[in-house]
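**Student:** just need the structure, nothing else, for what follows:
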Amino acid sequence: MDAEYFRQRAARIRAIMVECTDARVARFLDGLAKEFEERGKRNKSRSAPGDRAPVPGLYAQMNTKGARTGVRVYAAQGDALPAAPSGFTWLFIRRQD
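**Tutor:** Residues are numbered from 1 along each chain as shown. Presented below is the predicted three-dimensional model:
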């Protein structure tokens with residue numbers, strides 16, 4: 001999924017929030033929209049092996065064709081991402097503090 005997909009979903013959630021009257025649901029939708037917005041920002045570029053993790057969380061290894069390999073790692077903010085085969089990258093999946 002690309003960054004534009006996540007931005008569109010966040011905008012749709014924010015539009016739904018305007019009509020929401022339940023405070024608990026509004027907080028949930030706000031958190032969901034923030035998650036989509038963050039994913040949209042992080043999915044613009046992938047990180048190379050050895051790069052510093054911009055955000056603490058889960059990263060998925062991507063092969064040369066852009067498909068996930070099934071390898072996931074947790075990296076704290078500023079940690080170097082693990083080594084990977086030539087041409088492979090790391091894609092931010094989800095924030096975990």
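**Student:** please make it C-alpha for all contacts and neighbour counts, starting now.
**Tutor:** OK.
**Student:** wait, is Y74 part of a strand?
**Tutor:** Yes. According to DSSP: H, G, I helix; E, B strand; the rest coil, Y74 belongs to a strand.
**Student:** now it: closest residue in space, sequence neighbours ignored.
**Tutor:** In this structure, Y74 finds its nearest non-sequential neighbour in L58, 4.6 Å apart by CA to CA, 6 or more residues apart in numbering.
**Student:** what is the neighbour count of that neighbour?
**Tutor:** Look at L58: counted by other CA atoms under 10 Å, it has 18 neighbours.
**Student:** specify the local secondary structure of it.
**Tutor:** When classified by three-state DSSP, L58 comes out as strand.
**Student:** need the pLDDT of it.
**Tutor:** Looking at L58, its pLDDT reads 91.
**Student:** how far does stretch 54-71 stretch from start to finish?
**Tutor:** 19 Å (CA to CA, to the nearest Å).
**Student:** residues near A84, how many?
**Tutor:** Other residues within reach of A84, judged by other CA under 10 Å, total 15.
**Student:** same deal with M17?
**Tutor:** 19.
**Student:** might one say that it is in contact with F28?
**Tutor:** No. Using CA atoms under 8 Å, M17 is not in contact with F28; the gap is 9.5 Å.
**Student:** give me the contact list for the longest helix along the chain.
**Tutor:** Longest helix in the chain by number of residues (criterion: DSSP state H): helix 23-42. With CA atoms under 8 Å, 6 or more residues apart in numbering as the test, helix 23-42 has contacts from 2-7, 9-11, 13-14, 17, 20, 91-94.
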